[in-house]
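> What shape does this take:
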Amino acid sequence: MPSLSAALFCLTLSLGLLLAAAAEAGPVQENTGESGDIRSPWQEEIWRGSGPEMRAYICRYAKRRPVWCDVVDREPSVHPMAEPEVYGPSFTAEDARWYRLLRSADPRAFTSSDIDFIRGWAEETGDPAAMEIMGYLYARGIGVPRDPEYAYIWYGRAFLAGETGVKGNMDILWQEMASRDEAALERVTRYFDDYQPAAGPPVPTR
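Numbering: from 1, shown residues only. Model prediction:
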């Protein structure tokens with residue numbers, strides 16, 4: 001059985017041909033048959049000879065069904081298309097909130113609730129963009145206390161998840177910790193010694 005995408009392609013192509021013909025010939029006229037009845041605009045042979053999905057669509061939704069829809073013995077395969085109940089993956093309220101925050105592009109406007117959400121999103125999904133945002137917040141002290149150690153850990157997790165553009169920020173933070181807080185360097189080193197990118201340990205909060 002043809003896929004839904006193939007059926008939609010056929011439908012789009014067929015409608016495109018109809019619109020092109022209408023543009024060339026003017027408004028579609030409802031023709032009158034020999035018996036004086038008004039013929040369906042779908043009665044033409046171009047539609048009678050279309051694929052089964054297109055014919056099923058016409059017979060199901062046409063305001064004035066063509067005669068060939070009733071020729072059951074000649075059209076045994078014409079059936080209404082089965083429509084899926086759900087189109088694509090589910091899109092949750094959490095997904096919507098994440099994309100809204102991501103599009104805002106202004107971390108200074110994040111509330112404490114937004115930051116907690118981003119932290120949870122990063123931990124649960126492993127999204128490198130969320131990890132990078134957390135690194136930025138801690139590196140700048142936006143909405144959270146400034147903390148080079150936490151910033152480095154979040155940036156490091158984003159880097160390991162594929163966000164290689166954060167490497168320059170990591171180098172700056174490393175130099176800062178090396179000059180001011182060697183204990184932080186040791187903690188960061190131990191953290192990543194035990195880190196497994198597939199399910200790394202959560203960043204402790206304080």
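> Quick one: the helices in the protein, in order.
4-25, 45-48, 52-61, 93-104, 112-125, 128-140, 148-160, 167-180, 182-193 (DSSP state H).
> of those, which approaches residue 70 most closely?
Nearest to residue 70 among those is helix 52-61; the distance by C-beta to C-beta comes to 8.8 Å. Any C-beta I mention is one placed from the backbone N, CA and C, and that applies to glycine too.
> Next, the buried residues of that closest one.
For helix 52-61, burial by neighbour count (16 or more other C-beta atoms under 10 Å) applies to 52-59.
> can you check stretch 111-128 too?
114-115, 117-119, 121-123, 126-128.
> Not counting its own residues, what contacts stretch 186-196?
Stretch 186-196 has contacts (C-beta atoms under 8 Å, 6 or more residues apart in numbering) with 149, 152-153, 156-157, 160, 177, 201.
> now swap in stretch 114-123 and tell me
For stretch 114-123, the surrounding residues in contact (C-beta under 8 Å, 6+ apart) are 94, 97-98, 101, 110, 127, 130-131, 133-134, 137, 143-144, 154, 157, 202-203, 205.
> Can you tell me which of these are buried?
By 16+ other C-beta under 10 Å, these give 98, 101, 110, 127, 130-131, 133-134, 137, 143-144, 154, 157, 203 as buried.
> can those residues go into TSV with extra columns for pLDDT?
Output for these, formatted as TSV (pLDDT from 0 to 100):
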residue	pLDDT
98	88
101	85
110	91
127	90
130	92
131	93
133	92
134	94
137	94
143	93
144	94
154	94
157	92
203	66
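> Low-confidence regions, this protein specifically.
1-39, 48, 53, 71-90, 105, 197-206 (pLDDT under 70).
> Can you spell out the domain ranges of it, please?
Per automatic domain parsing, the structural domains of the chain span 1-16+35-88, 93-193.
> Just name the most buried of the ones you listed.
Across these, averaging neighbours per residue (mean count of other C-beta atoms under 10 Å) puts domain 93-193 on top, at a mean of 16.
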